[in-house]
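Asker: Mind folding the following:
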Amino acid sequence: MDAQVLAHITQAKASRQAVAVVTDLADGGQAVMDEHEAASHALCEHILPRFKSGKSGVVDVAGAEHFIQMHIPSPRLVIIGAVHITQALAPIAKACNFEVMIVDPRTAFATPERFERFNLHAEWPQDIVETLALDPFTALVAVTHDPKIDDTPLQAALEAGCFYVGALGSRKTHAKRLDRLTALGLSEDKLNRISAPIGLNIGAANPPEIAVAIMAQMIETLRVA
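Answerer: Numbering: from 1, shown residues only. Okay, here's the model as predicted:
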């Protein structure tokens with residue numbers, strides 16, 4: 001691999017940016033590009049969908065073969081609230097190769113005994129918002145039902161362009177949430193990105209089932225939507 005291409009990939013990984021490396025299999029020529037740059041490439045229709053799927057592969061266009069190799073940051077999940085749903089959701093997310101962070105200032109909930117295998121922060125989200133490292137390859141789920149805990153990270157996730165932002169609560173609860181976030185200056189377009197009621201509508205009736213519904217919706221958003 002060309003040294004400049006390798007340096008570009010290394011830099012992209014360090015900044016959690018997705019890039020594609022397109023190699024002409026006839027002459028070995030390589031080009032590395034982010035999603036914006038890929039949109040104007042001659043093979044854009046073959047490259048762009050791979051920023052969602054993350055799959056590499058060979059494409060044949062007019063008899064010319066190219067290998068498209070994807071370098072996608074590993075997905076992350078930030079869960080606001082160390083509740084029963086979180087106890088089910090965190091292991092499922094970890095099994096799906098998500099890096100998991102759990103934040104809850106309520107020390108009665110955020111205990112090492114309940115979440116011994118996870119990155120746990122018993123702190124107010126607004127105090128560690130930079131530590132959350134929110135980005136387009138991060139999902140944020142707010143499940144405390146407490147505006148004092150949920151609202152700040154929800155705002156931060158929408159402003160950071162997180163690929164999935166979900167919040168637990170009824171439609172009435174969400175309507176009040178939207179009013180509060182609107183008052184904070186968030187646009188309607190951004191607010192429409194919040195998945196609420198949270199998760200796919202599969203009739204989930206208990207915390208483990210709700211966790212499955214949330215995980216399925218996150219994967220759908222990451223790979224398909």
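Asker: residue ranges of the helices in the chain, please?
Answerer: Applying DSSP state H to the chain gives helices spanning 3-14, 35-38, 44-47, 50-53, 84-95, 147-160, 171-183, 188-191, 207-223.
Asker: Tabulate those helices in CSV, adding columns for mean neighbour count, mean pLDDT and distance to Pro105.
Answerer: For glycine as for every other residue, the C-beta is placed from the backbone atoms N, C-alpha and C. Shown next, in CSV, are the helices of the chain (neighbours: other C-beta atoms under 10 Å; pLDDT from 0 to 100; distance: least, C-beta to C-beta, whole Å):
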stretch, mean neighbour count, mean pLDDT, distance to Pro105
helix 3-14, 13, 88, 31
helix 35-38, 15, 93, 36
helix 44-47, 16, 94, 43
helix 50-53, 16, 88, 35
helix 84-95, 20, 97, 14
helix 147-160, 20, 97, 7
helix 171-183, 13, 96, 18
helix 188-191, 13, 96, 25
helix 207-223, 19, 96, 21
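Asker: which stretch among these comes nearest Ala62?
Answerer: Judged by C-beta to C-beta, the one of these that comes nearest to Ala62 is helix 44-47, at 12.2 Å.
Asker: Would you reformat the helices of the chain as JSON lines and include distance to Phe67?
Answerer: Listed next are those as JSON lines, based on distance: least, C-beta to C-beta, whole Å:
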{"stretch": "helix 3-14", "distance to Phe67": "13"}
{"stretch": "helix 35-38", "distance to Phe67": "15"}
{"stretch": "helix 44-47", "distance to Phe67": "11"}
{"stretch": "helix 50-53", "distance to Phe67": "12"}
{"stretch": "helix 84-95", "distance to Phe67": "30"}
{"stretch": "helix 147-160", "distance to Phe67": "32"}
{"stretch": "helix 171-183", "distance to Phe67": "44"}
{"stretch": "helix 188-191", "distance to Phe67": "37"}
{"stretch": "helix 207-223", "distance to Phe67": "21"}
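Asker: tell me which residues in the longest strand belonging to the chain are buried?
Answerer: Counting by DSSP state E, the longest strand found in the chain is strand 64-71. Residues of strand 64-71 classed as buried under the neighbour-count rule (16 or more other C-beta atoms under 10 Å) are His66, Ile68, Gln69, Met70, His71.
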